[in-house]
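A.B. asks: Below are the sequence and a predicted model for it; my questions follow.
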Amino acid sequence: MGKKRKQPLWKSFRYAFEGIGTGVRKERNMKIHCAAAALVVLAGLWLGLSAVEWCICFGLFGLILALELVNTAVEAVVDLVTEEKKPLAKLAKDTAAGAVLIAAIMAAAAGLIIFLPKIGAWLTA
């Protein structure tokens with residue numbers, strides 16, 4: 001038996017970008033996260049974030065958006081496997097959603113640490 005040929009690298013990237021596009025188009029929470037990221041970018045430009053602060057923000061954007069895509073994938077696989085209400089299906093969906101929520105809460109906390117002093121300085125200037 002011969003080895004199965006791997007697909008070209010560009011196809012892998014194409015599929016990945018299709019997945020991102022589908023997530024943004026079809027998932028409400030992904031749209032919310034993208035809108036929040038856009039608002040943070042606008043606020044960061046306005047308030048003049050440092051390079052380190054931008055890196056923190058972009059790292060957190062990436063984490064949250066990636067987790068939201070993984071959450072969507074988990075939900076799709078669970079729905080594909082069973083339409084019945086099963087405890088393990090609920091566990092998989094709930095814990096994947098919980099991972100996104102934890103990341104979003106921590107990102108919001110980091111955002112407050114970064115942005116509140118800058119907003120305070122702007123208000124008192």
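C.D. replies: Cool, got the structure. Just so it is clear, the structure is predicted and the values come from calculations on it, not from any experiment.

A.B. asks: show me where this protein has helices.
C.D. replies: Assigned by DSSP state H, the chain shows helices spanning 9-26, 28-47, 51-81, 87-124.

A.B. asks: could you dump those to JSON lines with distance to K3?
C.D. replies: Yep, even glycine has a C-beta here, placed from its N, CA and C like the rest. As requested, the helices of the chain are arranged in JSON lines below (distance: least, Cβ to Cβ, whole Å):
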{"stretch": "helix 9-26", "distance to K3": "17"}
{"stretch": "helix 28-47", "distance to K3": "37"}
{"stretch": "helix 51-81", "distance to K3": "27"}
{"stretch": "helix 87-124", "distance to K3": "33"}
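
A.B. asks: Dump these to a markdown table, plus mean neighbour count and mean pLDDT.
C.D. replies: Formatted as a markdown table, the helices of the chain follow (neighbours: other Cβ atoms under 10 Å; pLDDT from 0 to 100):
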| stretch | mean neighbour count | mean pLDDT |
| --- | --- | --- |
| helix 9-26 | 12 | 94 |
| helix 28-47 | 14 | 97 |
| helix 51-81 | 16 | 97 |
| helix 87-124 | 14 | 96 |
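
A.B. asks: tell me the contacts of the residue sitting nearest the centre point of the chain?
C.D. replies: The structure's the chain has its C-alpha centroid closest to L65; by Cα atoms, centre = their mean the separation is 1.2 Å. Shown here is L65, whose contacts under the criterion Cβ atoms under 8 Å, 6 or more residues apart in numbering are M30, H33, C34, A37.

A.B. asks: let's go with 10 Å and repeat that
C.D. replies: Residues near L65 by Cβ atoms under 10 Å, 6 or more residues apart in numbering: I20, G23, V24, M30, H33, C34, A37, V100, A103.

A.B. asks: could you dump the residues you listed to TSV with distance to F61?
C.D. replies: Formatted as TSV, the contacts of L65 follow (distance: Cβ to Cβ, whole Å):
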residue	distance to F61
I20	13
G23	14
V24	13
M30	12
H33	8
C34	9
A37	5
V100	13
A103	10
